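# Dropping a prediction and its sequence here:
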Amino acid sequence: MGGNQSKPEFNTVLGDITVGNGEQISLSCEANNTGLTVTWEKDGYELKCVQNKHTMEQNEIETETESKDKKVKVWKTKCSLKIQNADERDQGNYTINLENKLGTASCSAMVIVELNEWRTVQWNQKEMVPSVKEFKIDNDQVRELRFLLYGPVGVGKSSTVNTIRTIFEGRPFVNCLAETAAGRSFTKTYEKYGIANGKEGMLPLAFHDIMGVEKGESAGVRTDDIINAMKGHITEGYVFHTEFPIIEKDPKYRRNPSLSDRIHCLVSVVGADKITMMGKEFINKMRKVREAASGMGIPQVVFMTRVDLACPLTKGNLKKIYRSRKIKELMNTCSNLLGGPTNCIFPLKNYHDETHMNEEINCLMLDALTQIIHWAHDYVVTFSTIPIHNE
């Protein structure tokens, strides 16, 4: 066979692909010459060929090309990698390396393997909205279920409120101002946001947005303030101080909160694209709050936002969120870091770039909202007959 004496170059490169669980993965490319040493890597490590699983091929072929009105014979190398019966372990970044005496070349592609759906969502908001709108609290003394949104700066606490209000307003809602970039907390006061129920008034739901968690003892919301808020001691409009927590003499301090004043569900908000970058200081602060909530019997959930920034599969199609290996891994990581089971973690996307309603965004939020309403209501029912000892 002939050979071209030149540095390896690609005529065609590998392309990103998505395959279903159990399907075949097929990657191929073409080099401009022959006599090449070819190796494959997965996620930066040499890929070893497993019998009946991997097939690596390297074929040198002769072709003709036009050059100065003449047909010239040239040799090329076609390389391919086939992986049978794909599963989640096969997902990753694949690289092919070409080498000869004159140099090297490489190219890469991302392979995403869709898992079998491991959690279902009803992708029809018309069937989901009525159950929320018709919800009623089985306690005359509690007018609304209270949810506290708590988490680091810039992960979407305020955007979560906006998304929920957007669903029930029927249009993009931005009255709860949201931070557009990570940094210092935009929210400085203890704010309560109700949810409109069309012409029928307000839903019996209230979301409390607070100052974000920041690094350092004298930055961001103080842990003592979060615990006091959960107990019902802090009233709306309180201005958070990073140097010291609320004191009993403060006019915004409620001395004897009732069950109606308490928080009925703690919602920890974290960014899917930022979970692995959360430092121990952040995690310890959040775990301390969650432990305090557990001591008070308050149900806790995690809203894992920004899933589109963390997972290419989900970014392309939000309906595939529960087929994503990446999302599943992030949920397990979140569970290990913050504590709590994965069935209390809800991956979500808030409205951000969108200027029109998006049913997929709405349905994911409605699925989470339906669950936390039930859990918050269970808390109210349980403590309706148990005296609350305020500290």
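Great, that's in hand. Numbers count the residues shown, from 1 in each chain.

# just checking, what packs against the worst-scoring helix or strand of the chain on mean pLDDT?
Lowest by mean pLDDT, DSSP states H and E among the helices and strands of the chain is strand 54-67, with a mean of 85. Judged by 3 or more Cβ pairs under 8 Å, 6 or more residues apart in numbering; DSSP states H and E, strand 54-67 is in contact with strand 37-42, strand 70-83. From N, CA and C alone the C-beta is placed, and that goes for glycine too.

# Mind putting those strands into a markdown table with mean pLDDT?
Shown next, in a markdown table, are those (pLDDT from 0 to 100):
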| stretch | mean pLDDT |
| --- | --- |
| strand 37-42 | 96 |
| strand 70-83 | 88 |
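
# Can you say which of these is nearest to residue 245?
strand 37-42 (50.1 Å; Cβ to Cβ).

# Paired strands for the closest one, with orientation please.
Pairing partners of strand 37-42, with direction, according to DSSP bridges: strand 45-46 (antiparallel), strand 92-100 (antiparallel).

# Could I get the buried residue list for the last one?
Applying a neighbour-count criterion of 16 or more other Cβ atoms under 10 Å, one finds 92, 94-98, 100 buried in strand 92-100.

# can you list the domains in this structure?
Per the record, the chain has its domains at 10-114, 125-383, by automatic domain parsing.

# follow-up on the earlier one: between the least confident helix or strand of the chain and strand 37-42, how big is the angle?
Comparing the axes of strand 54-67 and strand 37-42 via axes from the mean of the first three to the mean of the last three Cα atoms, to 10 degrees yields an angle of 130 degrees.

# residue ranges of the helices in the stretch 201-350 of the chain, please?
For the stretch 201-350 of the chain, applying DSSP state H, counting those that start in this stretch gives helices covering 223-231, 280-295, 307-310, 312-316, 325-338.

# Mean pLDDT added to the ones you listed, as TSV?
Converted to TSV, the helices of the stretch 201-350 of the chain look like this (pLDDT from 0 to 100):
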stretch	mean pLDDT
helix 223-231	93
helix 280-295	90
helix 307-310	95
helix 312-316	92
helix 325-338	95
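
# Reformat these as JSON lines; add distance to residue 372 and mean neighbour count.
Shown next, in JSON lines, are the helices of the stretch 201-350 of the chain (distance: least, Cβ to Cβ, whole Å; neighbours: other Cβ atoms under 10 Å):
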{"stretch": "helix 223-231", "distance to residue 372": "15", "mean neighbour count": "21"}
{"stretch": "helix 280-295", "distance to residue 372": "13", "mean neighbour count": "16"}
{"stretch": "helix 307-310", "distance to residue 372": "18", "mean neighbour count": "21"}
{"stretch": "helix 312-316", "distance to residue 372": "21", "mean neighbour count": "17"}
{"stretch": "helix 325-338", "distance to residue 372": "16", "mean neighbour count": "19"}
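
# List just the one of those that sits closest to residue 193.
Of the helices of the stretch 201-350 of the chain, nearest to residue 193 by Cβ to Cβ is helix 223-231, at 14.4 Å.

# What is that closest one packed up against?
By 3+ Cβ pairs under 8 Å, 6+ apart, helix 223-231 packs against strand 145-150, helix 280-295.

# Recalculate using a threshold of 10 Å.
strand 145-150, strand 265-271, helix 280-295 (3 or more Cβ pairs under 10 Å, 6 or more residues apart in numbering; DSSP states H and E).

# Of all those, which one comes closest to residue 348?
Per Cβ to Cβ, nearest to residue 348 of these: strand 265-271, 9.1 Å.

# that older thread, in JSON lines, list the helices and strands packed on strand 54-67 along with mean neighbour count and distance to residue 144.
Formatted as JSON lines, the helices and strands packed on strand 54-67 follow (neighbours: other Cβ atoms under 10 Å; distance: least, Cβ to Cβ, whole Å):
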{"stretch": "strand 37-42", "mean neighbour count": "16", "distance to residue 144": "52"}
{"stretch": "strand 70-83", "mean neighbour count": "16", "distance to residue 144": "53"}
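
# would CSV of those strands with distance to residue 248 be doable?
Converted to CSV, the helices and strands packed on strand 54-67 look like this (distance: least, Cβ to Cβ, whole Å):
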stretch, distance to residue 248
strand 37-42, 60
strand 70-83, 65
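
# Of those, which is nearest residue 292?
Using Cβ to Cβ, the nearest of the helices and strands packed on strand 54-67 to residue 292 is strand 37-42, at 43.6 Å.

# What's the local residue count around the residue lying closest to residue 83 once chain neighbours are set aside?
Excluding the flanking residues, the one nearest residue 83 by Cβ to Cβ, 6 or more residues apart in numbering is residue 25, at 4.0 Å. Residue 25 has 20 neighbouring residues, counting by other Cβ atoms under 10 Å.

# Next up, the contacts around residue 25.
17-19, 54, 81-86, 90-91, 94, 111-113 (Cβ atoms under 10 Å, 6 or more residues apart in numbering).
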